[in-house]
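*Asks:* I would like to see how this sequence folds:
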Amino acid sequence: MKAVEKELLLLEDDVNALEEMYPQGEKVAEATWAMTIILAIFGLIVSTAWVVHIIIYLLIDPPLSPFLNEVFIKLDDAWGLLGTGAFAFFCLYLLLVVIAGEMMIGMRLVFIVRKR
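*Replies:* Okay, here's the model as predicted:
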């Protein structure tokens, strides 16, 4: 019985250490939820901008508008690296979204291996 009580005390100490390291509570959950919503809205805006740009600049011949191209040029005119940074961000975002989509679809597909 004493050995079980000793193990229980050690487990309680471990739980306390974990709660200190990774606090869980209503405030943390609310902050996580708010950050998730903000990032989701931001991602929706960037994704919509990409889709609109692809439609009006690449799919329609002749292009209706240079849309994002103009935005990046105007940002570059405002401050030298702002347009370049925005372009880099948009490209990185597109790359990460494509990788995430490939992983989500690729992990659900059945892989067919041909025997030799």
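*Asks:* now residue 30: how far from residue 42?
*Replies:* Separation of residue 30 from residue 42 (C-beta to C-beta, to the nearest Å): 19 Å. Glycine gets a C-beta too; all of them are placed from N, C-alpha and C.
*Asks:* which one is residue 86 nearest to, not counting chain neighbours?
*Replies:* Spatial nearest neighbour of residue 86, chain neighbours left out: residue 75 (5.3 Å); criterion: C-beta to C-beta, 6 or more residues apart in numbering.
*Asks:* quick one, phi psi at that neighbour?
*Replies:* Main-chain dihedrals, residue 75, degrees, to the nearest 10: phi -70, psi -40.
*Asks:* also residue 108?
*Replies:* phi -90, psi -20.
*Asks:* quick one: neighbours of residue 16, just the number.
*Replies:* Using other C-beta atoms under 10 Å, residue 16 has 10 other residues around it.
*Asks:* show me this structure divided up by domain.
*Replies:* As recorded under automatic domain parsing, the domains making up the chain are 1-64, 66-116.
*Asks:* just how off-centre is the last one within its chain?
*Replies:* If I follow you right, that is domain 66-116. 11 Å (C-alpha atoms, centre = their mean, to the nearest Å).
*Asks:* give me the mean pLDDT for it.
*Replies:* Across domain 66-116, pLDDT averages out at 87.
*Asks:* can you give me the helices for this protein?
*Replies:* In the chain, the helices defined using DSSP state H lie at 2-21, 26-53, 67-78, 82-106.
*Asks:* can I get these in a markdown table including distance to residue 59?
*Replies:* A markdown table is the format used below for the helices of the chain (distance: least, C-beta to C-beta, whole Å):
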| stretch | distance to residue 59 |
| --- | --- |
| helix 2-21 | 51 |
| helix 26-53 | 10 |
| helix 67-78 | 12 |
| helix 82-106 | 16 |
